[in-house]
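Participant: The following comprises the amino acid sequence and a computationally predicted model.
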Amino acid sequence: MGRAQEHGRAGEELAAAYLRIAGLEVTHRNVRLAGVEVDLVAREEETRVVVEVKLRNRADYGGAVAAVDARKRERLRRAARALLGETGGPVRVDVVAMDLTADGLSLRHVRGAVGERD
């Protein structure tokens, strides 16, 4: 496994652990929905959650939250629509963004980060 893959896997592990602590149940990892690879799928009560995980160790490009650009948001919307078609219940898209700096790790969980129109 390459360094980038290890970095991504570590980010997904951290995000999954955080989500469990926050009360969500992680049900799937690295699943394809409508041709889109989704990092995590979770459940919070009756709501299914498509989770995009971003881990960045450089802030000079805007950090982890900024890495979810318009193209990525559209792909996440497509995945959420596919999950909605499978489950029929409420679906939302969250982003777990982590920035690794010399001072440590900061984690931000943006619930409903991607809506139908944003």
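Facilitator: Looks like it arrived, so ask away.
Participant: use CA for all of it now, contacts and neighbours both
Facilitator: Noted.
Participant: in the chain, which helix or strand is least confident?
Facilitator: Across the helices and strands of the chain, mean pLDDT, DSSP states H and E gives its lowest value to helix 63-66, namely a mean of 82.
Participant: Would you mind putting the CA coordinates of that helix into PDB?
Facilitator: The C-alpha coordinates for helix 63-66 follow below in PDB (Å, rounded to 0.1, in the frame of the first residue of the first chain):
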ATOM      1  CA  GLY A  63      -7.400  22.800   4.200                       C
ATOM      2  CA  ALA A  64      -9.600  19.700   4.200                       C
ATOM      3  CA  VAL A  65     -13.000  21.400   4.000                       C
ATOM      4  CA  ALA A  66     -12.000  23.300   0.900                       C
END
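Participant: In terms of secondary structure, what does it contact?
Facilitator: Judged by 3 or more CA pairs under 8 Å, 6 or more residues apart in numbering; DSSP states H and E, the packing partners of helix 63-66 are strand 47-56, strand 91-101.
Participant: If we use 10 Å, what do you get?
Facilitator: Helices and strands touching helix 63-66, by 3 or more CA pairs under 10 Å, 6 or more residues apart in numbering; DSSP states H and E, are strand 47-56, strand 91-101, strand 104-114.
Participant: For the last one, buried residues please.
Facilitator: When you say that, I think you mean strand 104-114. Under the neighbour-count criterion of 16 or more other CA atoms under 10 Å, strand 104-114 has 107, 109, 113-114 buried.
Participant: Nearest to residue 20 among these?
Facilitator: residue 109 (12.4 Å; CA to CA).
Participant: what's near enough to touch the spatially closest residue to the closest one that is not a sequence neighbour?
Facilitator: Closest residue in space to residue 109, ignoring its immediate chain neighbours: residue 96 at 4.5 Å, by CA to CA, 6 or more residues apart in numbering. Listed by CA atoms under 10 Å, 6 or more residues apart in numbering, the contact partners of residue 96 are 11-12, 14-16, 18-19, 51-55, 64-65, 107-111, 113.
Participant: Would you reformat the helices and strands packed on helix 63-66 as CSV and include mean pLDDT?
Facilitator: Listed next are the helices and strands packed on helix 63-66 as CSV, based on pLDDT from 0 to 100:
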stretch, mean pLDDT
strand 47-56, 94
strand 91-101, 93
strand 104-114, 93
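Participant: Understood, closing this out.
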